[in-house]
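Enquirer: Quick check, what structure comes out for this input:
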Amino acid sequence: MDPKLGRMASALLVLLLLLEGGMFSSSQPSGLLGEVFQYIDVHQDDFVQTLKEWVAIESNSVQPEPRFRQELFRMMGLAADKLRRLGASVDSVDVGHQQLPDGQTLPIPPIVLAELGNDPKKPTVCFYGHLDVQPARPEDGWLTNPYTLTEVDGKLYGRGATDNKGPVLAWIHAVSAFKALDQDLPVNIKFIIEGMEEAGSVALEELVHREKDRFFSSVEYIVISDNLWISQRKPALTYGTRGNSYFTVEVKCRDQDFHSGTFGGILHEPMADLVALLGSLVDSSGHILIPGIYDHVAPLTEEEKKLYEAIDLDLGEYRNSSQVEKFLFDTKEEVLMHLWRYPSLSIHGIEGAYDEPGMKTVIPGRVIGKFSIRLVPHMNMSVVEKQVVQHLQDVFSRRNSSNKMAVSMTLGLHPWIADINDNQYLAAKRAIRTVFGTDPDMIRDGSTIPIAKIFQEILQKSVMMLPLGAVDDGEHSQNEKINRWNYIEGSKLFAAFFLEMANLHQ
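Expert: Here you go, the predicted structure:
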């Protein structure tokens, strides 16, 4: 068979399968974009194979072991080589070593900086991604080998498939389609790809500072695809995330535990003090009880309210899939607002308490409670820290306890929010309409993705989150997957985004 006819037949088969599944709601565009889409459809099995090769690398950054670091170096090298084969100028930046709490030192995998094109007439878009993964073991409940990409009913199962190897490859596939068709890229493209995101992006912030006036000097827009839709089918654009302030509160009588038969009834027990302190933080409706905590929360505007009303979310289905009997709020809008645009306080655990099976009648001499507050615009982290400390001191003083209390904020990460009227959000909306035949849900993320705020603050550039994965992809959990449809249509989405950015720049 003529190779061209073979490609056309494969593309037709793909189209029929997508139509049959009810997942392809927009018509194939004409012109260059149509050719790019056809190329991606015809080569989708090759793209899945590449993802399989990447998933097979156990690039675990969470467990600081030499064998995993070797895999991380191999993963970053593979990515650098792939970008070089596309014609990119690639710099694998040595960022030194990591000093661990136990005294050992391990090398940090290089951060890959790559660029294609430097035409001053074109906009320059930078894509951020990471290639490290969370740990995964078959015995933890995986139905397949986590490091063997396995396709079941159009779902591609494997650790890193959606977080974040699949999206990184989708961006690369979009570039490769233009290259394969001998077409100029519509935009200048840069990549920054790291291998330590799951371990806190070690050394990344320092590199961004260092490269601000060199690698990032020509960058106008930054795209991150490291989160998920809120739906299984409808695409989304993310314009905000919450920050996080993590606290510990220690109550101490002495370093040793007490026998409750010998000392019970004559002590101010540290555990009783701590339970009272933790119980004073939030009420049964989820309202934070720390005075002044809501004072600087950004007011709800009518424009923002309409965004929540437009989001496609079946609250009953969402609750059932979460295996929760009842949420604190009864409407879609209230649930989403309290996930995204209002602060929340969560109590995480207690050190020093006996938590093994069986009975142990001790009075802990020293206990440490852990809790965090998810921050939202325009909360000030230092103000929140003062409010928390003052509140706990007031509650503790009212107990007239002879114990000692110490409060510490051990982590502080700022919230991030973007301007949805920026050019790249407009371009992404148009691209989503072209590929998926619908307008995106405009969403925030209740978790914290620090790199967005780092880019925004250091570089003063427009930052956008353009997720590819569905809400049920299960990042960080057992049976992580990305749907073949999301992976392939996501590659098309990036290609369409390049063209839309170029059109808006004219």
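Enquirer: Near Ile108, how many residues? Count them for me, please.
Expert: The burial count assigned to Ile108 is 21, neighbours taken as other Cβ atoms under 10 Å. C-beta coordinates here come from the backbone N, C-alpha and C atoms, glycine included.
Enquirer: Surely it touches Val93?
Expert: No. The pair Ile108 and Val93 fails to qualify as a contact (Cβ atoms under 8 Å) at a distance of 10.0 Å.
Enquirer: surely Ala56 meets Thr150?
Expert: No. In terms of Cβ under 8 Å, Ala56 does not count as a neighbour of Thr150; the distance is 11.4 Å.
Enquirer: what sits in contact with each of these two?
Expert: When contacts are counted by Cβ atoms under 8 Å, 6 or more residues apart in numbering, Ala56 and Thr150 are jointly contacted by no residue.
Enquirer: in the stretch 101-250 of the chain, which spans are strands?
Expert: Under the criterion DSSP state E, counting those that start in this stretch, strands of the stretch 101-250 of the chain are mapped to 105-107, 111-116, 124-130, 150-152, 155-157, 188-194, 221-224, 236-241, 243-252.
Enquirer: With the stretch 351-500 of the chain instead?
Expert: Residue ranges of the strands in the stretch 351-500 of the chain, as given by DSSP E, counting those that start in this stretch, are 362-363, 366-375, 404-413, 416-417, 441-445, 462-465, 481-483.
Enquirer: The last one pairs with which strands, and in what direction?
Expert: In its sheet, strand 481-483 lies beside strand 155-157 (antiparallel), with partners assigned from DSSP bridges.
Enquirer: Give the buried residues for the strand it pairs with.
Expert: 155-157 (16 or more other Cβ atoms under 10 Å).
Enquirer: Quick check: of the residues you listed, which lies closest to Pro270?
Expert: Closest approach between the buried residues of strand 155-157 and Pro270, by Cβ to Cβ: Tyr157, at 46.2 Å.
Enquirer: domain assignment for this protein?
Expert: In the domain annotation for the chain, the residue ranges read 22-241+415-505, 243-297+342-413 (automatic domain parsing).
Enquirer: Select, out of those, the one closest to Leu336.
Expert: In this view, these are compared for proximity to Leu336 by Cβ to Cβ, and domain 22-241+415-505 is the closest at 7.9 Å.
Enquirer: which secondary structure elements does the longest helix belonging to the chain contact?
Expert: Longest helix in the chain by number of residues, with DSSP state H as the criterion: helix 484-505. The criterion is 3 or more Cβ pairs under 8 Å, 6 or more residues apart in numbering; DSSP states H and E, and the helices and strands that helix 484-505 contacts are helix 31-42, helix 44-55, strand 155-157, helix 166-180, helix 423-436.
Enquirer: Just name the most buried of these.
Expert: Neighbour counts averaged per stretch over these are highest for helix 166-180, at a mean of 24; criterion: mean count of other Cβ atoms under 10 Å.
Enquirer: name the helices or strands packed onto that one?
Expert: Helix 166-180 is packed against helix 31-42, helix 44-55, helix 66-85, strand 124-130, strand 188-194, helix 484-505, with contacts defined by 3+ Cβ pairs under 8 Å, 6+ apart.
Enquirer: now the chain, which segments are flagged as low pLDDT?
Expert: Within the chain, the ranges that satisfy pLDDT under 70 run 1-27.
Enquirer: redo that, cut-off 90
Expert: Using pLDDT under 90 as the threshold, the predicted model of the chain has low-confidence ranges 1-30, 100-104, 312, 314, 317-323, 355-356, 505-506.
Enquirer: Need the domains of the chain in TSV (columns: distance to Lys326).
Expert: As requested, the domains of the chain are exported to TSV (distance: least, Cβ to Cβ, whole Å):
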stretch	distance to Lys326
domain 22-241+415-505	18
domain 243-297+342-413	12
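Enquirer: deepest of the ones you listed, which one?
Expert: Here the criterion is mean neighbour count by mean count of other Cβ under 10 Å, and of these the winner is domain 22-241+415-505, at a mean of 19.
Enquirer: Run the chain-centre distance for it.
Expert: Once both centres are worked out by Cα atoms, centre = their mean, to the nearest Å, domain 22-241+415-505 turns out to sit 11 Å from its chain's centre.
Enquirer: now stretch 236-251
Expert: Once both centres are worked out by Cα atoms, centre = their mean, stretch 236-251 turns out to sit 13 Å from its chain's centre.
Enquirer: Endpoints of that stretch, how far apart?
Expert: Its first and final residues considered, stretch 236-251 spans 45 Å by Cα to Cα, to the nearest Å.
Enquirer: and the helices and strands packed on helix 484-505 as CSV, adding distance to Pro270?
Expert: Output for those, formatted as CSV (distance: least, Cβ to Cβ, whole Å):
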stretch, distance to Pro270
helix 31-42, 61
helix 44-55, 47
strand 155-157, 46
helix 166-180, 47
helix 423-436, 51
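Enquirer: Quick one: closest of the ones you listed to Ser225.
Expert: The stretch from the helices and strands packed on helix 484-505 with the least distance to Ser225 (Cβ to Cβ) is helix 166-180; that distance is 3.9 Å.
Enquirer: For that closest one, list the C-alpha coordinates in PDB.
Expert: Backbone C-alpha positions of helix 166-180 (Å, rounded to 0.1, in the frame of the first residue of the first chain) are rendered in PDB as follows:
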ATOM      1  CA  GLY A 166       2.400  12.400  29.700                       C
ATOM      2  CA  PRO A 167       1.900  16.200  29.600                       C
ATOM      3  CA  VAL A 168       5.600  16.800  29.000                       C
ATOM      4  CA  LEU A 169       5.600  14.400  26.100                       C
ATOM      5  CA  ALA A 170       2.300  15.900  24.700                       C
ATOM      6  CA  TRP A 171       4.100  19.300  24.400                       C
ATOM      7  CA  ILE A 172       7.100  17.600  22.700                       C
ATOM      8  CA  HIS A 173       4.700  15.800  20.300                       C
ATOM      9  CA  ALA A 174       3.100  19.100  19.300                       C
ATOM     10  CA  VAL A 175       6.500  20.500  18.400                       C
ATOM     11  CA  SER A 176       7.500  17.300  16.600                       C
ATOM     12  CA  ALA A 177       4.400  17.400  14.400                       C
ATOM     13  CA  PHE A 178       5.400  20.800  13.000                       C
ATOM     14  CA  LYS A 179       9.000  19.700  12.500                       C
ATOM     15  CA  ALA A 180       7.900  16.500  10.800                       C
END
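Enquirer: ok and it relative to strand 124-130, angle-wise?
Expert: What separates the directions of helix 166-180 and strand 124-130 is an angle of 140 degrees, with axes from the mean of the first three to the mean of the last three Cα atoms, to 10 degrees.
Enquirer: Out of the strands of the stretch 351-500 of the chain, which gets nearest to Lys122?
Expert: By Cβ to Cβ (comparing all of the strands of the stretch 351-500 of the chain), the closest turns out to be strand 462-465, at 15.9 Å.
Enquirer: what's that closest one in contact with?
Expert: Counting by Cβ under 8 Å, 6+ apart, residues outside strand 462-465 touching it are 220-227, 237-239, 241, 416, 418-419, 422-425, 428, 445, 449, 452, 455-456.
Enquirer: Same question for stretch 267-282.
Expert: Applying Cβ under 8 Å, 6+ apart, the external contacts of stretch 267-282 come out as 249, 251-253, 258, 288-290, 345, 347, 350, 352-353, 363-369, 371, 391-392, 395-396, 399, 401-403, 405.
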